[in-house]
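# no FASTA, just this:
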């Protein structure tokens, strides 16, 4: 019987992590929780965010026996991982911007970090930069609008490229020309990578944390005893939403491409 994992994000962003998980472990049973009722997580206080995600996990684990949880949100990972790990016995895996990889591969030593305002301002980014890219100049680009634009694209709506360009304008064109490595510091951003590439120009290396997170998850599960896994419920490979949605054909096709044909509503899931 395959392992079962729960992947959580405030919207569709964490589906980029699910894609990576399915790529390297197609048999893994994945439940996805799109907490669109709490979108965006960066707008919540650490206390509110911790309580909200704790409630979501505790409720879903009464229905499904998960072997691990992936918190597929950079902002939430920086804020609540420690508290959640103290509460639950199963592994909870977070998402970290791949600053280490950027520091290893950048030739120009000029790196851009695109992230939500909550992530880009966290002290842990300073620690990562000092530890793994001390000789690099890292341009932190707070992007308040990119996640919402990714959500719109997933539902078949037009991306506002002028708004993306405005978010990236804190870095000058001369600085973009010198930057050779760009870190996608939010799991939403891979879904609008094509639009971002059109703004900053060619010949950049783009890094997102999805594949490293997926690999870490698989390595973590490999250490577990399969004999201890209990009977699963019928809710595996479903996607849950915490606020009412009316998915049209475009959005359904987007979800089905990632492996979710079972869409469930949890309007009253969070108090």
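Yep, it's here. All figures in this text were calculated on a predicted structure; none of them were measured in a lab. Numbers count the residues shown, from 1 in each chain.
# Residue 53 should be in a strand, yeah?
No. Counting by DSSP: H, G, I helix; E, B strand; the rest coil, residue 53 is located in no strand; its state is helix.
# Could you measure from it over to residue 65?
Plainly put, residue 53 is 19 Å away from residue 65 if you go by C-beta to C-beta, to the nearest Å. In short, each C-beta sits where N, CA and C put it, glycine included.
# Same check on residue 186?
To residue 65, residue 186 is 30 Å away according to C-beta to C-beta.
# now swap in residue 123 and tell me
With C-beta to C-beta as the criterion, residue 123 and residue 65 are 36 Å apart.
# out of the two, which sits in the more crowded spot?
Using other C-beta atoms under 10 Å, the more surrounded residue of residue 123 and residue 65 is residue 65, with 15 against 8.
# Name the SS class of the more buried one, please.
coil.
# do the same with residue 206
Looking at residue 206 with three-state DSSP, the answer is strand.
# Show me what it bridges to in the sheet.
Beta bridges link residue 206 to residue 182, judged by DSSP bridges.
# Number of residues surrounding it?
Counted by other C-beta under 10 Å, the residues lying close to residue 206 total 16.
# Quick check: pLDDT value at it.
Residue 206 carries a pLDDT value of 97.
# do you know how far it is from residue 37?
Counting by C-beta to C-beta, the separation of residue 206 from residue 37 is 30 Å.
# Residue 155 now?
Separation of residue 155 from residue 37 (C-beta to C-beta): 16 Å.
# before we move on, what about residue 253?
Using C-beta to C-beta, we find residue 253 at a distance of 23 Å from residue 37.
# out of the two, which sits in the more crowded spot?
A count of neighbours by other C-beta under 10 Å puts residue 37 above the other of residue 253 and residue 37, at 17 against 11.
# Quick one: list the elements packing against the helix or strand containing residue 104.
When elements are assigned from DSSP states H and E, residue 104 belongs to helix 99-105. Applying 3 or more C-beta pairs under 8 Å, 6 or more residues apart in numbering; DSSP states H and E, one finds that helix 99-105 makes contact with strand 110-115, helix 123-132, strand 181-184, strand 205-207.
# What's the mean pLDDT across the second one?
This predicted structure assigns helix 123-132 an average pLDDT of 88.
# and it, what does it pack onto?
Other helices and strands packing on helix 123-132, by 3+ C-beta pairs under 8 Å, 6+ apart, are helix 99-105.
# contacting residues around the helix it packs on?
Residues outside helix 99-105 that contact it (C-beta atoms under 8 Å, 6 or more residues apart in numbering): 111, 113, 125, 128-129, 131-134, 136, 138, 181, 183, 205, 207, 212.
# okay, now residue 25: neighbour count?
18.
# could you list every residue that touches it?
Per C-beta under 8 Å, 6+ apart, neighbours of residue 25: 214, 218.
# which other helices and strands contact the worst-scoring helix or strand of the chain on mean pLDDT?
Ranked by mean pLDDT, DSSP states H and E, the weakest helix or strand in the chain is helix 117-120, scoring a mean of 73. Packing partners of helix 117-120 (3+ C-beta pairs under 8 Å, 6+ apart): helix 74-87, strand 137-142.
# again, only using 10 Å
In terms of contacts (3 or more C-beta pairs under 10 Å, 6 or more residues apart in numbering; DSSP states H and E), helix 117-120 is packed against helix 74-87, strand 110-115, strand 137-142.
# mean confidence score for stretch 193-203?
93.
# Go through it and flag the buried ones.
By 16 or more other C-beta atoms under 10 Å, the buried positions in stretch 193-203 come out as 195-196, 200.
# which residues are in contact with that stretch?
Residues outside stretch 193-203 that contact it (C-beta atoms under 10 Å, 6 or more residues apart in numbering) are 16, 112, 114, 143, 146, 149-150, 153, 159-162, 164-165, 167-169, 171, 173, 176-177, 179-180, 182, 184, 189-190, 192, 204, 206, 208.
# repeat that for 7 Å
159, 161, 164-165, 168, 176, 182, 206 (C-beta atoms under 7 Å, 6 or more residues apart in numbering).
# could you dump those to a markdown table with distance to residue 107 and secondary structure?
Listed next are those as a markdown table, based on distance: C-beta to C-beta, whole Å; DSSP: H, G, I helix; E, B strand; the rest coil:
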| residue | distance to residue 107 | secondary structure |
| --- | --- | --- |
| 159 | 30 | coil |
| 161 | 28 | helix |
| 164 | 26 | helix |
| 165 | 26 | helix |
| 168 | 21 | helix |
| 176 | 15 | helix |
| 182 | 13 | strand |
| 206 | 15 | strand |
